[in-house]
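Participant: sharing a model prediction with you, sequence too.
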Protein chains: 2
Amino acid sequence: MLSVIPLTGLPEVRPGNDLAALLGDAVERAAGLEDGDVLVVAQKAVSKAEGRVEQTDDVVEAILREARAVRRRRGGLVIAETKHGFVCASAGVDRSNAPGEGWIVLLPEDPDASATGIRAALGDRFGRHPAVIVSDSFGRAWRQGTTDVAIGVAGFEPLLRLRGTPDGRGRPLENTEIAVADELAGAAELVFGKARGVPAARIRGVALTPGDGAARDLVMPKDRDLFP
Amino acid sequence: MLSVIPLTGLPEVRPGNDLAALLGDAVERAAGLEDGDVLVVAQKAVSKAEGRVEQTDDVVEAILREARAVRRRRGGLVIAETKHGFVCASAGVDRSNAPGEGWIVLLPEDPDASATGIRAALGDRFGRHPAVIVSDSFGRAWRQGTTDVAIGVAGFEPLLRLRGTPDGRGRPLENTEIAVADELAGAAELVFGKARGVPAARIRGVALTPGDGAARDLVMPKDRDLFP
């Protein structure tokens, strides 16, 4: 069985807060960590702790500054490629759940490093290193609505490579890579609730491949990107 | 807590099988249904039960027949729009987990109707109507790997509309629609395992909006599709 529990009781995160300590307290309230646990942390909490917030009356300037390239623009909607290589609305710049009116939240500079830091701190505290995912809500091409995806990972391989393993009939699977990190981020979102102020979840019961994977492994390389 | 359990012990599904009865048996082995449960069923099982399989030595012909439009083509990779409006590789035509060598599996003709039929049959049997999702593994623009998404739904609204509800600070959320059906499909995939022959899962502990939603609600309308 896979279980996903919300990590509740975290305070509103502010710049300079020790997010790993706050998460650790919430993990303790939720009866701790076991080997193989996955911790999913919403990007907003990570960005705020890292001071990636600013007060501005020119959101578009901030979006263009955060973007490496603008892919599409229609009315107020800007689909941009971030410096990390992610393609998303507004280059990840968001006014929701910001520190105040007129404030915006930017993506972490290096979300893989954020995840790695949280993993190390929780490993020190609990004697077990969880897999860690920093997640954000991204829109998709062709489909309505957002799903949460992994923008930072630590401690596992975000892609499960099944190519060549046999299917139910023994035929080798073709071209099969499953973005398990994104599926885990989406599962966590189901217990977050944007309006409920729950920025993290613990997932138990999934068999991941340990490793030094990074969320950039999830970014489609330019030469294979058919929708530039 | 959200829990996802695999529904095990289903036989290899064959054309003409009563899939809802097989799923019902598996649900009984898994201690039944509660109000609010979600059943996620892999498209392959649905397609096979509905006879959407064929033997062919011309997979490309089948892909073009299943497609309403080809969006991109590179080498053997065809990104196509299906008759349902989904954009995916090979218009959903797949040789993995097919009934035999030289066989292919096509998407169900009407996956929302498939989901509705399963929901009705399980409702009759258990006295409770689960939400039902028919899921398939789709690639994404800009991101590596597949995630499972909903291609058929019954009994709930696949998009959670949060626009206007307050964020943690009381500021109304903007443009927020969460594709909960896709997040649920992805969560179920984590317990399926393509190679393990588990074609269904039961999810408990998620608060969905009851309704007559359809997977076509998840398809981006043409006039808003920025990546045609």
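Facilitator: Cool, got the structure.
Participant: what is the least confident helix or strand in chain A?
Facilitator: strand A:160-161 (a mean of 91; mean pLDDT, DSSP states H and E).
Participant: give the pairing partners of that strand; include direction for each.
Facilitator: Its sheet considered, strand A:160-161 pairs with strand A:177-178 (antiparallel) by DSSP bridges.
Participant: which residues are in contact with the strand it pairs with?
Facilitator: For strand A:177-178, the surrounding residues in contact (CB atoms under 8 Å, 6 or more residues apart in numbering or on different chains) are A:159-163, B:137, B:144-147, B:189, B:194. All C-beta spots, glycine's among them, are computed from the backbone N, C-alpha and C.
Participant: just give the closest residue to residue A:172, not the sequence neighbours.
Facilitator: Setting aside the residues directly before and after it, residue A:172 is nearest to residue A:164 in space (CB to CB, 6 or more residues apart in numbering or on different chains), at 4.9 Å.
Participant: doesn't that neighbour lie inside a helix?
Facilitator: No - according to DSSP: H, G, I helix; E, B strand; the rest coil, residue A:164 belongs to no helix; its state is coil.
Participant: these two touch, right, it and residue A:173?
Facilitator: Yes - counting by CB atoms under 8 Å, residue A:164 touches residue A:173, with 6.9 Å between them.
Participant: and these two? Which one has more around it.
Facilitator: residue A:173 (19 against 9; other CB atoms under 10 Å in any protein chain shown).
Participant: and the gap between that one and chain B?
Facilitator: Relative to chain B, residue A:173 is positioned 5 Å away (CB to the nearest CB, to the nearest Å).
Participant: and residue A:64, how many neighbours does it have?
Facilitator: 14.
Participant: which helix or strand contains it?
Facilitator: helix A:59-66 (DSSP states H and E).
Participant: do that helix and chain B come into contact?
Facilitator: No - Helix A:59-66 does not reach chain B (CB under 8 Å from any CB of the partner chain); its nearest approach is 11.1 Å.
Participant: host element of the spatially most central residue of chain A?
Facilitator: Taking CA atoms, centre = their mean, the centroid of chain A lies closest to residue A:135, which sits 1.7 Å from it. For residue A:135, the host element (DSSP H and E) is strand A:131-138.
Participant: list the pairing partners of that strand within its sheet, with orientation.
Facilitator: strand A:38-42 (parallel), strand A:147-154 (antiparallel).
Participant: between the ones you listed, which gets nearest to residue B:124?
Facilitator: strand A:147-154 (32.4 Å; CB to CB).
Participant: close enough to count as contact, residue A:187 and residue B:187?
Facilitator: Yes - contact status for residue A:187 versus residue B:187: in contact at 3.9 Å, counting by CB under 8 Å.
Participant: quick check: neighbours shared by those two?
Facilitator: A:2, A:4, B:2, B:4.
Participant: what's the longest helix in chain A?
Facilitator: helix A:111-126 (DSSP state H).
Participant: contacts for the helix holding residue A:64?
Facilitator: Contacts of helix A:59-66 (CB under 8 Å, 6+ apart): A:54, A:56, A:70, A:78, A:80, A:82-83, A:90-93, A:95, A:104, A:106-107.
Participant: among the residues you listed, which one has the lowest pLDDT?
Facilitator: Of all the contacts of helix A:59-66, residue A:95 carries the smallest pLDDT score, 92.
Participant: how near is that one to chain B?
Facilitator: 7 Å.
Participant: now do the same contact list for that residue.
Facilitator: A:59, A:103-105, B:171, B:174.
Participant: strands - which of the residues you listed land there?
Facilitator: A:103-105 (DSSP state E).
Participant: what is the nearest of those residues to chain B?
Facilitator: Using CB to the nearest CB, residue A:103 is the member of the ones in strands among the contacts of residue A:95 that lies nearest chain B, at 9.6 Å.
Participant: most neighbours among the contacts of strand A:177-178, please name it.
Facilitator: Ranked by the number of neighbours (other CB under 10 Å), these place residue B:189 first, at 28 neighbours.
Participant: please tell me how far that residue sits from residue A:138.
Facilitator: Using CB to CB, to the nearest Å, residue B:189 is found at 18 Å from residue A:138.
Participant: hang on, isn't residue A:192 packed against residue A:201?
Facilitator: Yes - counting by CB under 8 Å, residue A:201 is a contact partner of residue A:192 at 6.5 Å.
Participant: what's the overlap in contacts for these two?
Facilitator: In contact with both residue A:192 and residue A:201: residue A:6, using CB under 8 Å, 6+ apart.
Participant: show me which of the two is the more surrounded one.
Facilitator: Ranked by neighbour count (other CB under 10 Å), residue A:192 and residue A:201 place residue A:201 first, with 30 against 25.
Participant: is it fair to say the more buried one lies in a helix?
Facilitator: No - Residue A:201 is assigned strand when assessed by three-state DSSP, not a helix.
Participant: now it. Nearest residue, chain neighbours left out?
Facilitator: residue A:188 (4.0 Å).
Participant: let's verify the one you found: helix, strand, or coil?
Facilitator: Going by three-state DSSP: residue A:188 is helix.
Participant: surely residue A:209 and residue A:153 touch.
Facilitator: No - look at residue A:209 against residue A:153 with CB under 8 Å: they stay out of range, at 11.6 Å.
Participant: of these two, who's got more company?
Facilitator: Neighbour count, other CB under 10 Å: between residue A:209 and residue A:153, residue A:153 has more, with 34 against 13.
Participant: contact partners for the more buried one?
Facilitator: Counted by CB under 8 Å, 6+ apart, residue A:153 has contacts A:112, A:115, A:131-134, A:181, A:213-215.
Participant: cool, and residue A:218?
Facilitator: A:149-150, A:158-159, A:179, A:181-182, B:143-145.
Participant: give me that answer again for 7 Å
Facilitator: A:150, A:158-159, A:179, A:181-182, B:143-145 (CB atoms under 7 Å, 6 or more residues apart in numbering or on different chains).
Participant: what of residue A:211?
Facilitator: A:156-157.
Participant: distance check, it against residue A:204.
Facilitator: 19 Å.
Participant: ditto for residue A:162
Facilitator: 23 Å.
Participant: for residue A:171, same thing?
Facilitator: Taken as CB to CB, the span from residue A:171 to residue A:204 is 32 Å.
Participant: more neighbours: these two, which one.
Facilitator: Using other CB under 10 Å as the criterion, residue A:171 and residue A:204 rank with residue A:204 on top: 18 against 15.
Participant: so what's that one up against?
Facilitator: Per CB under 7 Å, 6+ apart, neighbours of residue A:204: A:3, A:34, A:37.
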